[in-house]
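> my questions are about this predicted structure, shown below with the sequence.
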Amino acid sequence: MEADLHRELVEESSDIATIIDSDGTITYVSPSVTRTLGYEPEELVGEVGYEYQHPDDRDAVADAIETIQTNPDDVQVIETRFRRADGSWCWIEATLQNRFDDPDISGILVNSRDISERKRQEGQFRGLAKEYKTLLETVEDSIFFLTVESEDTESVFRFERLNRAYEEQTG
């Protein structure tokens, strides 16, 4: 019963469970890889995972693997781009654990999830922050932000941020 439960949890999870050997060869990948990346598990077993990593991310992945091989109790979390079956790139967050001493795993356990939407939103927020900063630095009108706090029976106004134009106009 317990083995069936564990198998079902792995097979139905939206996260991808992968086992790789010390050379990065994939020895197991859970069925959720099909939903997330478009591969059948059999297509990836026996393949070297680095070949599917974005070239700009391979060094970070190699460093994480080296770290957990050197420090078996360490856990590494990395963000990397992985090539989908259709050739597009997907951002994934991968948690790597050294499980060579576990006879059932005997390798590096990698739990991955698609974070493409989060990365897209982070990019949008960086763009908005850049626009906001540009606006504050270039507008000629005074702009300031206040925090209003209630203290006892009165309100206290505190400047949080102001632009150069406000400083120039008010001294």
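Received, thanks.

> flag every buried residue along the top strand by length along the chain.
If each strand of the chain is counted by residues according to DSSP state E, the longest one is strand 89-99. Using 16 or more other Cβ atoms under 10 Å as the test for burial, strand 89-99 gives 90-94, 96-99. C-betas here are computed from N, CA, C, even on glycine.

> can you tell me which of the residues you listed is nearest Glu151?
Glu93 (43.1 Å; Cβ to Cβ).

> how far away is the closest one from Arg113?
As judged by Cβ to Cβ, to the nearest Å, Glu93 and Arg113 stand 6 Å apart.

> then Pro55?
For Pro55, the distance to Arg113 - Cβ to Cβ - is 22 Å.

> quick check on the residue located most distally from the centre of the chain: phi, psi?
Distance to the chain centre peaks in the chain at Thr153, reaching 46.3 Å (criterion: Cα atoms, centre = their mean). The phi and psi values for Thr153, taken as degrees, to the nearest 10, are phi -110, psi 0.

> that one: what's it in contact with?
With contact set as Cβ atoms under 8 Å, 6 or more residues apart in numbering, Thr153 has no partners.

> right, and Ile61 touches Tyr50 too?
No Ile there; residue 61 is Val. Yes - in terms of Cβ atoms under 8 Å, Val61 counts as a neighbour of Tyr50; the distance is 6.7 Å.

> give me the more crowded residue out of these two.
Val61 (21 against 16; other Cβ atoms under 10 Å).

> the more buried one is in what secondary structure piece?
helix 58-70 (DSSP states H and E).

> for that helix, packing partners?
strand 75-83, strand 89-99, strand 107-114 (3 or more Cβ pairs under 8 Å, 6 or more residues apart in numbering; DSSP states H and E).

> in JSON lines: those strands, plus distance to Glu149 and mean pLDDT.
As requested, the helices and strands packed on helix 58-70 are exported to JSON lines (distance: least, Cβ to Cβ, whole Å; pLDDT from 0 to 100):
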{"stretch": "strand 75-83", "distance to Glu149": "38", "mean pLDDT": "96"}
{"stretch": "strand 89-99", "distance to Glu149": "38", "mean pLDDT": "96"}
{"stretch": "strand 107-114", "distance to Glu149": "40", "mean pLDDT": "95"}
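
> in CSV, list the ones you listed along with distance to Ile20.
Shown next, in CSV, are these (distance: least, Cβ to Cβ, whole Å):
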stretch, distance to Ile20
strand 75-83, 13
strand 89-99, 9
strand 107-114, 5
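
> which stretches of the protein have low pLDDT?
1-12, 136, 171 (pLDDT under 70).

> show me the helices in it, by range?
Remark: helices assigned in the chain by DSSP state H are 2-12, 32-37, 41-44, 58-70, 116-138, 164-170.
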